[in-house]
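S.K.: I need the structure of the sequence given here:
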Amino acid sequence: MFEFCADPDMLDNFRWFSCYLTNGVHLRFYESFLTVLFLLAVTAPTALAFGFVGAMASRSQVAPLRWLGKTYTAMVRGVPDIAFFLFFVIALDQGLEWIKHQVICPDWTDPIRQGANFLVCSAAKIPQNNAPQWVHETYNFTLAVFTFAIVFGAFAANLLFGAMRAVPRAQLETAEAYGMSRRQSFWRILVPQMWIYALPGLSNLWMILIKATPLLFLLGVEDIVYWARELGGSRTSTYQYPHPDWRLWYFLGLLVFYLGMTRISEIVLGRLTRRLSHGQATMAGEDQRKAAS
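M.R.: Numbers count the residues shown, from 1 in each chain. Next up is the predicted model:
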């Protein structure tokens, strides 16, 4: 980035590090932090939406919907995350290409499955081989968000289902006695009150989601752990440019980053808990009433 970076052997320590930390590869390393934060910002509400739909299905009076909701939560929670990520992404990718292949290349006569290979016509590839790099990265990131949402949505569904059952039944009966329909009592009474019961579990799920972001590498996304390993690894056998094995320092930086994320999350979740506890028939709500009196 700087003009004096042409010959690293002639630089003092400060200039050497200024050149080293601002090269193109490190800029991609810094961008990967934004990738992780963007993943969390998109995946958290998406997984919560999956969880809410799954919880509603699990408590539905329609038997097929109830079976579907309970099967979703039980099946996804019972499969190890790594195994699900590896299987689901491949299955989803091949499924999309197979559908596109059937539409675009109906005259294709060769078998799609040839041993361990999955072969479709070139026009059915998603994305196209000649597509720009950003298209491939966007596609991989979209698959990552969808996969994370499916996995963590199942856990969220189980948490929200339990939170819905924790709301006192007497309040719903009172709402019905005042003439509210089941839908009105659900949205006006049950949903606003269930969050305080769900928040402890959802906060733990949020922390687990933060710790699971290194799984991005399995989904074809170059995340911060990937770049820390690449940049920290030894490049030469002697102590010369660019550096020896510095993985300890890179992973120490990741440790600080994740601990910082955890601390910020604890502060935000603590304030959210106090806000949601206001006026609720919970221990935290009772403490607030005693403090105000």
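S.K.: what's the neighbour count on residue 62?
M.R.: For residue 62, the neighbour count with other CB atoms under 10 Å is 9. For every residue, glycine as well, the C-beta is placed using N, CA and C.
S.K.: the one 4 residues further on now?
M.R.: The burial count assigned to residue 66 is 15, neighbours taken as other CB under 10 Å.
S.K.: in the helix or strand that residue 41 is a member of, what counts as buried?
M.R.: Residue 41 is located in helix 24-58, with elements delineated by DSSP states H and E. By neighbour count on 16 or more other CB atoms under 10 Å, the buried set for helix 24-58 is 29, 32, 35-36, 39-40, 42-44, 46-48, 50-58.
S.K.: now for it, which elements pack on it?
M.R.: helix 63-77, helix 133-166, helix 191-211, helix 224-232 (3 or more CB pairs under 8 Å, 6 or more residues apart in numbering; DSSP states H and E).
S.K.: at 10 Å instead, please
M.R.: The contact analysis (3 or more CB pairs under 10 Å, 6 or more residues apart in numbering; DSSP states H and E) places helix 24-58 against helix 63-77, helix 133-166, helix 191-211, helix 224-232, helix 247-277.
S.K.: quick one: average confidence on the second one?
M.R.: Looking back up the chat, that one is helix 133-166. Taken as a whole, helix 133-166 has an average pLDDT of 88.
S.K.: off-centre distance for whichever helix or strand comes after that helix?
M.R.: Sequence order places helix 169-177 as the next helix or strand after helix 133-166, per DSSP H and E. In terms of CA atoms, centre = their mean, to the nearest Å, the centre of helix 169-177 is found 37 Å from the chain centre.
S.K.: now helix 169-177: buried residues?
M.R.: 172, 175.
S.K.: what are the contacting residues of it?
M.R.: 168, 180-182, 184-186, 188-190, 193, 281 (CB atoms under 10 Å, 6 or more residues apart in numbering).
S.K.: out of those, which two sit at the greatest distance?
M.R.: Farthest pair in these (CB to CB) is 181 and 281. Separation: 23.8 Å.
S.K.: low-confidence ranges, this protein, go.
M.R.: Applying pLDDT under 70 to the chain flags the ranges 1-12, 234-243, 278-293.
S.K.: which neighbouring elements make contact with the one helix or strand residue 83 maps to?
M.R.: Using DSSP H and E, residue 83 falls within helix 81-104. Helices and strands touching helix 81-104, by 3+ CB pairs under 10 Å, 6+ apart, are helix 63-77, strand 117-118, helix 133-166.
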